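J.: A predicted structure for the sequence below; I have some questions about it.
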Amino acid sequence: MSGRLKFIVLVVFSLVLGVSWFWWHTLSWTGELTAFPAHYDGTCKSVEGIYGAEDIVIDHQNNLAYISSHDRRNPETKGSVWVMPLGAPDEARALTLKGYDAERFSPHGIDLWVGKDGVRRLFVIDHGDWSISRVVIFRVEGDALVFDRAIVDPLIQRPNDVAAAGNNAFYVTNDLGAAYNSRGEFFEVLFRQARGNLVYFDGNKASIATDKIAFANGVKLSNDGTRLYLGAIVDQSVRFYARDMTNGALTLDDEIVLGTGVDNIDVDEDGVLWVGAHPKLLTFSKHAKAAINRSPSQIIRIDPVQKAIREVYYSHGDPLSGASVGAHSGGTLLLGGVFDPQVLVCLASGSVF
């Protein structure tokens, strides 16, 4: 064998070896090589007709859940926000929008703020027709969401989730640095580039609160507002920040690596975190393309004081596929998915519907 041929063989072998290792590594970190047993210590029922319940926030005082809903596989349709009484989930209903006449309404992450005056404001990320995204603030008045204000800012480029921090203040995650529907999205995730960030809007102006996040996703404040929790799908972690109550500045305190694709974060009345997650990211990607491809649903409970972690729910994709949120209150756990046409209502062991 000539020296030139040996060189070519060596190069080809090295390339094959490198590609094989990269593919194995990708399958590994995306969870595709791991088997998980399905489990939940309780009973669940499906409330049908609520499409794409990507995010859920609970009003613990009034025992109500607000649900961000859109048939995301049919983007030309108009989405809605639903309200569900926790004691009577079958009475869930879509809220009327007043004063907000967007031709398309595509709600994504949501959060609730209860002001000192008792007024409830719902913060909603609206992608509209995806040409421009905004954070819309509504006042909750009975069965209506009354338009208050919409914020569009150059720093709010790819909003995913929002955490209310005042009547007009909030944090919002930009999940990726690449433009929507660009080839850069794929490569940014594939190579685990940390180009996502978190923006703080103080009521007047926006600023970057923290950055270098690989697919920034769920964000939530603690009940007293002194801490902020930030989840990342590709980083597969939840970050804990101390928050300056005077100016909203953040200081990283801790980071818990969960080894799963962290989506939305809920904080219950006891301050416990409930994390919706995608344990098999490539499978979830297939699910996003077609409903027939079922994707696991996983909910993780985190005690932020003890840093105790427990997986409370896992399914292989039925009855709910691709859960993006688990919101908890008083023993009731609500699960919503990015694409499925229902909300799963689960009660702890010993409870009945």
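T.: Structure received.

J.: got the domain boundaries for this structure?
T.: For the chain, automatic domain parsing gives the domain ranges 1-30, 39-348.

J.: worst average pLDDT in those domains?
T.: Mean pLDDT values for the domains of the chain show the minimum at domain 1-30, a mean of 76.

J.: contact partners for the spatially closest residue to Asn197 that is not a sequence neighbour?
T.: Nearest residue to Asn197, sequence neighbours excluded (CB to CB, 6 or more residues apart in numbering): Asp211, at 3.8 Å. Any C-beta I mention is one placed from the backbone N, CA and C, and that applies to glycine too. By CB atoms under 8 Å, 6 or more residues apart in numbering, Asp211 lies in contact with Ala194, Gly196, Asn197, Leu198.

J.: surely the second one is in contact with Ile213?
T.: Yes: taking CB atoms under 8 Å as the contact criterion, Gly196 and Ile213 are neighbours in contact, 4.1 Å apart.

J.: any shared contact partners between these two?
T.: Thr173, Ala232.

J.: who are the contact partners of the closest residue to Ala169 other than its chain neighbours?
T.: Leaving aside its sequence neighbours, Ala169 sits nearest to Gly203 (CB to CB, 6+ apart; 4.9 Å). Applying CB under 8 Å, 6+ apart, one finds that Gly203 lies in contact with Gly166, Asn167, Asn168, Ala169.

J.: ranking the domains of the chain by burial, who's on top?
T.: Most buried of the domains of the chain, by mean neighbour count (mean count of other CB atoms under 10 Å): domain 39-348, with a mean of 19.

J.: ok, back up a step: now the residue nearest to Asn197: which helix or strand?
T.: strand 206-213 (DSSP states H and E).

J.: partners of that strand, with directions?
T.: Partners of strand 206-213 in the sheet, by DSSP bridges, are strand 196-201 (antiparallel).

J.: the helices in the stretch 51-200 of the chain, which residues?
T.: Here the stretch 51-200 of the chain has its helices, by DSSP state H, counting those that start in this stretch, at 183-190.

J.: where do the strands sit along it?
T.: 55-59, 64-69, 80-85, 93-94, 96-98, 107-114, 120-126, 134-141, 144-151, 159-164, 170-174, 196-201 (DSSP state E, counting those that start in this stretch).

J.: so which of those is nearest Val305?
T.: Closest to Val305 of those is strand 159-164 (CB to CB; 19.7 Å).

J.: other SSEs contacting the closest one?
T.: Packing partners of strand 159-164 (3 or more CB pairs under 8 Å, 6 or more residues apart in numbering; DSSP states H and E): strand 107-114, strand 120-126, strand 134-141, strand 170-174, strand 216-221.

J.: pretty sure Leu347 sits against Thr43.
T.: Yes: between Leu347 and Thr43 there is a contact at 5.6 Å, judged by CB under 8 Å.

J.: the inter-axis angle of the helix or strand where Val47 lies versus strand 80-85?
T.: Element membership for Val47, per DSSP H and E: strand 42-48. Per axes from the mean of the first three to the mean of the last three CA atoms, to 10 degrees, the angle that strand 42-48 makes with strand 80-85 is 140 degrees.

J.: sounds good, over and out.
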